[in-house]
Each structure stands twice: as structure tokens, then as C-alpha cells.
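Peer 1: What follows is a predicted structure for the sequence shown.
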Amino acid sequence: MSQPWIFSSLKSALTLSLIATSGLFGACEKLPNIAINVSPPSSENNVLPVGEENPNPATLSAAAPSQNRGQAPSALSSASSPTTINQELQRLKSRPCEERPERNIGAVLYSLCMDTTVGGRTRILSASSSVPGETGATYWFRDDGEFYAFEQILPEGTTFFILLDDQETILELNPQGQVDSIRDRSEWQDLMEHSREAIAMIQQELGVGAVRAAGSPPVGSLLVAGQGGDFNHRTLTLTVPQSDTSSSIRGGAARWYDLHLATMVALTADYYCNHQSTRGVYFNYRADGGDVFMGQVFISCPEARSIMDRFGREEEAWVTLDRPDVDGDSIHYEIPNFTDTKAREFQRTIVRQLTPDCIESGGKQFCPGDRY
């Protein structure tokens, strides 16, 4: 059974850390959410990015990497060993930062440690806010991008709160090197939400966008086909660079496939459905620089507007226009801010709703997963 004093210690840690990142040192704007990867229950792990009908393991598998959702008592005992925790923390701290933005604002030093060496994507390894020599908080991520621990720094010592994957167990490593186990789903969620808000604040203060992958570079290129005799529908080709659309954008639950589909929805709702005669848009979706056909997705105008109203317009993204006669032309639009919770809801509903189809082209049939 969890001890009341442990809960009190945790709540004090959250309070002190929030003070270090917000109100005590100046007024702050409303905090945006960011994507911190918390593995979904196993029942949510089987969403395929091109629908369940046409999986191609080489290019289209969207099932999230298998995660250890619960831990047997022996595994928990091993994970809760002070030696094991200390070894892992030292390893995480020794990772090199390919990019380290820092900034002093008043008495507070904000800092990020980021890695840019994996597939051209930027991952946060750690984020911190501190009053040097006094108090501070650091948020640690594992190599796979999942949130690992919240570090509370006080003059009397440092305490770590490690969040296990079962979404209810917190291990507290105190300054004396002792480990206590807290098993409470509400406390776990409070600490995760606190960490999400604090990291978003640090990103905001450092001018680092929550969805850098969507903001720069462009999501992809867009080729607009002529309408011919069909003035009620547009046909577009969205070409993206990713060869594995099932991989995470930044270590969170949101995948490249989700971002690409959200791009199609946003362009339909807010750009191509502005004309009264337009009923919807056909997207020919191509990955791996155009070499892999991901399917044709049809999105009606009412459907697109409903999805955007439901999931929000919170992050700016852009695509380049594939127009030989115009150099550097582009379209900017807004997509949802894919927190883990919102990304999983998008996968459960919209990804299953907007399934891609095969097409006939040049006398041949192309289906999701086919190479040109």
C-alpha cells in the first residue's frame, strides 16, 4: 500500500518544479501541449497506417513497437534497484547533445539537450529549468523517445521520480539512495501532465516548436492535377520523404502517417474546399520520395471540416507546390497539436475512417505498398 507521505513528497515536487518554470519569475502564456510518448494499451497497438486491408510489413506496418506494458514482480524488483536506476541515469546523462539551446530569463536558466542524428529527426533527450545553485527540474527521456524520469533538484539533494510503463507505478529515488514505490494511476497521470506542461514551457521559452517536424522542413510536395471536366473534385498528389511512415515523429505516439493524413485533411478543409462547387479531394499518397504508392485517399469537404473542428488547428505546417513554372511556391496550413492522447484518438477514429484505395494508372493497378 502506498504511504501518504510519499504522495505529499510528490505533490511538493510538482509544486516546486512548476514554480521554477512559471509564475515566480514572470507572467507566462497558456502552456501548449507536446507529444510525450506513453505506450497505448495493447488493444490500441494494431492500427495500420494504410488500413488493415493492405498491410505491407516492409513499408506500411504501423503497429507501434512492442512495449512492456506491465512488469512481473521480478522485473519490477530489478527495475527498482537503486544500482540499476543509478546506472541508467548515468548513462542517460552521458549521451552527447547534438543541439543544446540555452537561455537565461531573469533568474531561470532554460536548456534542452537534443539529438539530430537519427533519420534527420530531432529528439529531446532532456529538458531543464533551474535557478543555478538553488532549485531546478530536469526531465529525462529514454533512447526510444519515451519519457523516463523527472528530476527534482533542491539544496538538500536531488530526488528522481521514474515513471514505469504500466502507467500507475512511480519509483522515487531519494537523496539518500533509497527507492520507494508509488502505485497510483492518478499520481502517475499528474506527474506526466506536469512534465508535459513544463517541457512545453521550456520549449516555448527557447523558441523551439512543439512539432518541429511539421514546421520545418516541409511535410512534403504537392502536385495539383487539372480538373478537366470534373469541377466538383480535385485530385492532388502528396509526396513525402519518409520510407517508414509508421515511425514516430518525435518519439511520441504521433506517427508520420498521422501527420501526412492530417495534412490531407487540413488542405481539404481549409484550402481546396473554399470554392462552393468543390465536394471533396482525391489524394494520391506517395512515400519514400515518390517510390512507394500508399494509396488514394478521398476526403469530402464536410468530412474534412468536421475532423478539423474536432481535433483543432494548433500547429503550423507547410508543403511545397510541385510546379515547374513556379520556384519556391508553397502552401501553409494548420494541423492538430498531436499530443499522445490526441494522436491515439486520431489513429482509432480518423485513420480507420479514411482508408486508402487502389487506383488504375497506365493500364496497371496500384495498391497500397506497391512500388513504382
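Peer 2: Yep, that arrived.
Peer 1: quick one: Leu154 and Thr135 touch, right?
Peer 2: Yes: Leu154 sits in contact with Thr135 when judged by C-beta atoms under 8 Å, with a separation of 5.8 Å. Backbone N, C-alpha and C define where each C-beta goes, glycine included.
Peer 1: Burial check on Glu187, number of neighbours?
Peer 2: By other C-beta atoms under 10 Å, the residues close to Glu187 number 21.
Peer 1: Check the spacing between it and Ile170 real quick.
Peer 2: 6 Å (C-beta to C-beta, to the nearest Å).
Peer 1: excluding its backbone neighbours, what's nearest Arg286?
Peer 2: By the measure of C-beta to C-beta, 6 or more residues apart in numbering, the closest residue to Arg286 outside its immediate chain neighbours is Thr239, 4.6 Å from it.
Peer 1: Oh, that last question was meant for Tyr333, not what I typed.
Peer 2: Using C-beta to C-beta, 6+ apart, the nearest residue to Tyr333 is Ala266, at 4.6 Å.
Peer 1: ok so the one you found is a helix residue?
Peer 2: Yes: judged by DSSP: H, G, I helix; E, B strand; the rest coil, Ala266 forms part of a helix.
Peer 1: what kind of secondary structure is Glu205 in?
Peer 2: Quick answer, by three-state DSSP: Glu205 is helix.
Peer 1: Kindly provide the distance from it to Met192.
Peer 2: 21 Å.
Peer 1: Now stretch 274-289: buried residues?
Peer 2: For stretch 274-289, the neighbour count (16 or more other C-beta atoms under 10 Å) marks 278, 280-288 as buried.
Peer 1: for stretch 90-105, same thing?
Peer 2: 92, 101.
Peer 1: per-residue confidence for the residue lying closest to Ser128 once chain neighbours are set aside?
Peer 2: Leaving aside its sequence neighbours, Ser128 sits nearest to Thr138 (C-beta to C-beta, 6+ apart; 4.1 Å). pLDDT for Thr138: 93.
Peer 1: Quick check: the gap between Thr138 and Thr341.
Peer 2: Look at Thr138 and Thr341: by C-beta to C-beta, they are 24 Å apart.
Peer 1: Quick check: next helix or strand after the helix or strand of the chain with the lowest mean pLDDT?
Peer 2: One helix or strand of the chain scores below all others by mean pLDDT, DSSP states H and E: helix 212-215, with a mean of 40. Sequence order places strand 221-224 as the next helix or strand after helix 212-215, per DSSP states H and E.
Peer 1: Direction included, what does that following strand pair against?
Peer 2: strand 233-239 (antiparallel), strand 315-321 (parallel) (DSSP bridges).
Peer 1: thinking again about what came up before, now, the buried residues of stretch 274-289 that are in strands?
Peer 2: When the buried residues of stretch 274-289 are checked against strands (DSSP state E), the matches are 280-287.
Peer 1: Tell me the one among these nearest to Ile359.
Peer 2: Asn284 (6.9 Å; C-beta to C-beta).
Peer 1: Touching, that closest one and Val240? I think so.
Peer 2: No: using C-beta under 8 Å, Asn284 makes no contact with Val240, being 11.8 Å away.
Peer 1: can you pull out the strands in the stretch 51-200 of the chain?
Peer 2: For the stretch 51-200 of the chain, the strands defined by DSSP state E, counting those that start in this stretch occupy 102-105, 108-118, 121-130, 136-141, 147-154, 157-163, 169-173, 179-183.
Peer 1: Can you say which of these is nearest to Cys367?
Peer 2: Smallest distance to Cys367 across these (C-beta to C-beta): 28.4 Å, for strand 121-130.
Peer 1: to the chain's geometric centre, what's the distance from that closest one?
Peer 2: Put simply, strand 121-130 sits 14 Å off its chain's centre (C-alpha atoms, centre = their mean, to the nearest Å).
Peer 1: what comes into contact with it?
Peer 2: Under the contact criterion C-beta atoms under 8 Å, 6 or more residues apart in numbering, strand 121-130 has outside partners 17, 20-21, 92-93, 95, 97, 99, 108-116, 136-141, 145, 153, 198-199, 201-203, 212-213, 249-251.
Peer 1: what pairs with it, and is each one parallel or antiparallel?
Peer 2: Counting by DSSP bridges, strand 121-130 is paired with strand 108-118 (antiparallel), strand 136-141 (antiparallel).
Peer 1: what angle separates the last one from strand 147-154?
Peer 2: Interaxial angle of strand 136-141 relative to strand 147-154 (axes from the mean of the first three to the mean of the last three C-alpha atoms, to 10 degrees): 170 degrees.
Peer 1: tell me how far strand 136-141 is from the chain's mean position?
Peer 2: Relative to its chain's centre, strand 136-141 lies at 18 Å (C-alpha atoms, centre = their mean).
Peer 1: and the angle from that strand to strand 157-163?
Peer 2: Using the same axes, to 10 degrees: strand 136-141 against strand 157-163 is 30 degrees.
Peer 1: Okay, Asp165 and Thr268: tell me how far apart.
Peer 2: From Asp165 across to Thr268, the span is 37 Å (C-beta to C-beta).
Peer 1: which of the two has more neighbours?
Peer 2: Thr268 (27 against 15).
Peer 1: Much appreciated, bye for now.
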